[in-house]
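Student: Fold the following for me, if possible:
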Amino acid sequence: MHVRPAPRTVVILVSWNTRLLLQQALLSIRRHSGIPVNIVVIDNASSDGSPEMAKSESPEATVVVNDHNLGFGQANNQGMACSDEPFILLLNSDAELQEHTLPTLVDELESHPECGAIGAHLAFPDGRFQSSGFRFPSLGQYALELLGVARAVYGPDYPNVPRSQTATPGEVDWVSGACMLLRRAAIAAVGGFDPAIHMYSEETDLCRRLWDAGYSVRQTPRATATHHVGRSTRQRATDQPTMLWSSRLLYFRKHHPRWQCAALRALIGIGYTARWLVWSLRSVVGQTEQRQAWRRRAQSARAVVAGV
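Tutor: Residues are numbered from 1 along each chain as shown. Here you go, the predicted structure:
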């Protein structure tokens with residue numbers, strides 16, 4: 001009698017009000033996992049029926065429903081605590097596996113015992129290239145972003161690793177958590193995601209700590225996942241810039257000198273005060289819909305100045 005091998009990989013999906021996309025993500029696992037897997041869905045207090053759909057569509061999955069939104073990192077920590085497989089695939093609820101993606105990632109990780117995390121090549125739903133390998137952030141990078149001249153100075157790929165350098169498998173500073181395979185032993189060594197980082201910079205911080213602990217981080221174009229990008233965060237569009245820069249400041253406090261953190265805070269204040277002034281002025285001219293859009297942007301910029 002043929003005995004199905006025990007899964008060595010768990011797939012963890014964190015969802016917040018992305019029911020239809022989560023359904024497609026679960027379907028992609030069923031169609032394209034290629035190897036036996038366990039599935040864990042962590043629902044961050046969705047109100048759109050996501051948990052019920054997950055239980056119905058994937059009755060074999062473990063579905064955990066939180067009573068409030070724990071954020072990406074802490075929810076993934078929760079999913080890892082629900083499982084014990086040696087390999088952990090983090091798959092966004094707005095991402096989908098393609099054929100051979102997971103077996104390829106597992107093969108790559110097994111072939112590089114020093115590697116703690118490996119990211120797949122990402123593509124938009126229409127097939128366009130999407131960056132998945134990145135350089136660690138620097139004060140200069142964020143200064144150029146806040147001035148709005150980064151890509152004008154360094155090109156469209158900045159600050160991502162250029163597409164030409166990701167055409168072959170290799171090491172990068174950090175990879176996107178949209179489709180990231182982790183070695184459990186490495187994650188245990190660094191303590192998982194920092195629960196203090198609610199949203200954004202979680203993968204950056206985790207990969208930085210993996211490098212510090214002696215592990216490498218890789219990406220491979222041989223494994224592909226489709227990523228719809230930011231479907232959960234769009235639900236909090238007004239809060240998004242504040243969450244983004246708050247998490248970046250926290251990352252800087254952990255990994256950069258104090259003076260750089262103070263300088264970044266000052267740059268954020270200057271950059272977003274300028275945005276608030278410009279966008280406030282634009283909100284009083286033009287068509288009604290345009291004025292409302294600029295008013296929302298001005299409110300968001302003001303929230304950044306007050307929040308960081």
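Student: pLDDT below threshold where in the stretch 101-250 of the chain?
Tutor: Scanning the stretch 101-250 of the chain with the threshold set as pLDDT under 70 gives 154-159, 162-166, 230-238.
Student: Tell me where it has helices.
Tutor: Residue ranges of the helices in the stretch 101-250 of the chain, as given by DSSP state H, counting those that start in this stretch, are 101-111, 139-147, 150-154, 184-190, 202-212, 240-255.
Student: ok now do Phe87, which residues does it touch?
Tutor: Phe87 is in contact with 8-10, 106, 109, 181-184, counting by CB atoms under 8 Å, 6 or more residues apart in numbering. Placement of C-beta: from N, CA and C, glycine included.
Student: Any idea what the closest residue to it other than its chain neighbours is bridged to?
Tutor: Nearest residue to Phe87 in three dimensions, chain neighbours excluded: Thr9, at 4.3 Å (CB to CB, 6 or more residues apart in numbering). Beta-bridge partners recorded for Thr9 (DSSP bridges): Val37, Phe87.
Student: Distance-wise, check Thr9 relative to Arg184.
Tutor: Distance check for Thr9 against Arg184: by CB to CB, to the nearest Å, it reads 10 Å.
Student: which one of the two has more residues nearby?
Tutor: Thr9 (22 against 19; other CB atoms under 10 Å).
Student: Looking at the helices of the stretch 101-250 of the chain, which is nearest to Trp174?
Tutor: helix 202-212 (3.5 Å; CB to CB).
Student: How is the nearest residue to Pro36 once chain neighbours are set aside classified with respect to secondary structure?
Tutor: Using CB to CB, 6+ apart and skipping residues adjacent in sequence, the residue nearest Pro36 is Pro7, 4.3 Å away. Following DSSP: H, G, I helix; E, B strand; the rest coil, Pro7 is assigned to coil.
Student: List the residues that contact Pro7.
Tutor: Shown here is Pro7, whose contacts under the criterion CB under 8 Å, 6+ apart are 35-38, 85.
Student: Check what pLDDT Val288 gets.
Tutor: Let me fix one detail, which is that residue 288 is Thr and not Val. With respect to pLDDT, Thr288 scores 75.
Student: Next up, phi/psi of it, please.
Tutor: The main-chain torsion angles of Thr288 are listed as degrees, to the nearest 10 and equal phi -60, psi -50.
Student: how close does it get to Arg296?
Tutor: Thr288 is 13 Å from Arg296, by CB to CB.
Student: Check Arg282 too.
Tutor: Counting by CB to CB, the separation of Arg282 from Arg296 is 11 Å.
Student: Look at Arg31 and say how many residues are nearby.
Tutor: When neighbours are defined as other CB under 10 Å, Arg31 has 12 of them.
Student: My reading is that it lies in a helix. Confirm?
Tutor: Yes - residue assignment for Arg31, taken from three-state DSSP, places it within a helix.
Student: Look up how far Gln24 lies from Val65.
Tutor: To Gln24, Val65 is 20 Å away according to CB to CB.
Student: Repeat that for Ala45.
Tutor: 21 Å.
Student: again with Lys55
Tutor: Distance, Lys55 to Gln24, using CB to CB: 16 Å.
Student: Neighbour-wise, give me the winner out of the contacts of Phe87.
Tutor: With neighbours set by other CB under 10 Å, the maximum within the contacts of Phe87 is found at Leu181, which has 28 neighbours.
Student: does that one really touch His112, like I thought?
Tutor: No - if you go by CB atoms under 8 Å, Leu181 and His112 don't touch, sitting 11.2 Å apart.
Student: overlap in contacts of the two?
Tutor: Common contacts of Leu181 and His112 (CB under 8 Å, 6+ apart): Ile118.
Student: ok so, going back, now, of the helices of the stretch 101-250 of the chain, which is deepest in the fold?
Tutor: Each of the helices of the stretch 101-250 of the chain was given a mean neighbour count from mean count of other CB atoms under 10 Å, and the largest, a mean of 22, is that of helix 202-212.
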